[in-house]
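In: how would this look folded up:
(one chain, ligands or ions: 1)
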Amino acid sequence: MKKVQIGSQEALVGEVDELCRALADEVEALLKSRAGEGKPAVLGLATGSTPLPFYAELIRRHREEGLSFANVISFNLDEYEGLGRDHERSYWCEMWKNLFDHVDVKPENVNVPPSVAENPDQAAAEYEAAIQAAGGIDWQLLGIGGEGHIGFNEKGSSAESRTRRVTLARKTIVDAAPGFGGEENVPTHAITMGVATILEAKRVVLMARGASKKEIVHRAISGEVGPDVPASFLQKHGNVGWFLDDDAAGS
Ligand code: PGA
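Out: A predicted model of the protein is given here:
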């Protein structure tokens, strides 16, 4: 793994397993230091294919090294609207399948925006309030969408945006279609943490893998900061980590 300067930002570039170990080291250090203080660690987590090997590394550390998640409060970034928690494509289900079922997190400490809410605006406000009540997010993991979204903050999302109901971009729906057996089955709306919500996390890490992300990753890291590429707002965060495999970095 090497440090690479891209514009004003420093990125960590390497093999996926090295990146995942480095990310897991950060989480492990946080969990241990919070446990020492007798306080919970508040993690912001992401779905998608990008973090899967990282979650596998956390599970391995839990199983083989006794890393405990009993002191973790988690908040996921986003959730599709209308699927219900038992739908296998819901982010609730994905998180349990890929991480929570395999570690000792307390179910009552797991938070994912509701997929079905009578009043989505109120549900979004309550989610935002729950993050504040937990003391804010210590460590936030992000992937990046093909057009630069973080969470479901699509192109056009402002730096001031908060947790809210959003309409998914066409590209997001096309990218998700294979998992849903066709575009017509992909939800058109979601609830997502806002850009401002994400930027308030004490530490933010963005992981990107694969050549298909190379161009958008470079626009996010060294392009103009603004709503055209919501991930670019991270350039303004004082404690951001960019974790890129060689293909996403283009090195
Ligand atoms: P991916 O999705 O990890 O499946 O590429 C990332 C995202 O859309 O944020």
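
In: please enumerate the strands of this protein.
Out: 2-6, 9-14, 41-45, 72-76, 78-80, 110-111, 139-142, 164-167, 189-192, 203-208, 240-245 (DSSP state E).

In: please report the distance of the residue in the chain positioned nearest to the ligand from M207.
Out: Relative to the ligand, the nearest point of the chain is G48 (2.7 Å; Cβ to the nearest ligand atom). For glycine as for every other residue, the C-beta is placed from the backbone atoms N, C-alpha and C. Shown here: G48 relative to M207, a distance of 10 Å by Cβ to Cβ, to the nearest Å.

In: top helix in the chain by residue count?
Out: helix 16-37 (DSSP state H).

In: spatially nearest residue to the residue of the chain closest to the ligand (excluding sequence neighbours)?
Out: G143 (4.6 Å; Cβ to Cβ, 6 or more residues apart in numbering).

In: surely the one you found meets L45?
Out: No: here G143 does not reach L45: they are 10.6 Å apart, not a contact under Cβ atoms under 8 Å.

In: which residues do these two both contact?
Out: P51 (Cβ atoms under 8 Å, 6 or more residues apart in numbering).

In: between those two, tell me which one has more neighbours.
Out: L45 (25 against 20; other Cβ atoms under 10 Å).

In: check contacts around that one.
Out: Contacts of L45 (Cβ under 8 Å, 6+ apart): P51, S74, F75, N76, L77, M95, L99, L141.

In: around the ligand, which positions in this structure sit nearby?
Out: G48, S49, T50, G143, I144, G145, H149 (Cβ under 6 Å from any ligand atom).

In: spatially, which two of those are the most separated?
Out: Among these, the pair separated by the greatest distance (Cβ to Cβ) is S49 and H149, at 14.7 Å.

In: more crowded one of those two?
Out: With neighbours defined as other Cβ under 10 Å, S49 and H149 compare such that H149 has more, 27 against 10.

In: how far away is I221 from A125?
Out: For I221, the distance to A125 - Cβ to Cβ - is 32 Å.

In: more neighbours, the two?
Out: Per other Cβ under 10 Å, whichever of I221 and A125 has more neighbours is I221, with 26 against 14.

In: correct me, but that one touches W242?
Out: Yes: taking Cβ under 8 Å as the definition, I221 is a contact partner of W242 at 5.9 Å.

In: residues shared between the contacts of these two?
Out: With Cβ under 8 Å, 6+ apart, I221 and W242 have common neighbours I6, Q9, A11.

In: quick one: the helices in the stretch 101-250 of the chain?
Out: Secondary structure of the stretch 101-250 of the chain (DSSP state H, counting those that start in this stretch): helices located at 120-133, 170-180, 195-199, 214-222, 246-249.

In: one step back: which strands or helices does the longest helix of the chain pack on?
Out: strand 41-45, helix 52-65, strand 139-142, strand 203-208, strand 240-245 (3 or more Cβ pairs under 8 Å, 6 or more residues apart in numbering; DSSP states H and E).

In: go with 10 Å
Out: strand 9-14, strand 41-45, helix 52-65, strand 72-76, strand 139-142, strand 203-208, strand 240-245, helix 246-249 (3 or more Cβ pairs under 10 Å, 6 or more residues apart in numbering; DSSP states H and E).

In: for it, buried residues please.
Out: The neighbour-count check on helix 16-37 (16 or more other Cβ atoms under 10 Å) flags V16, L19, C20, R21, A22, L23, A24, V27, E28, L30, L31, R34 as buried.
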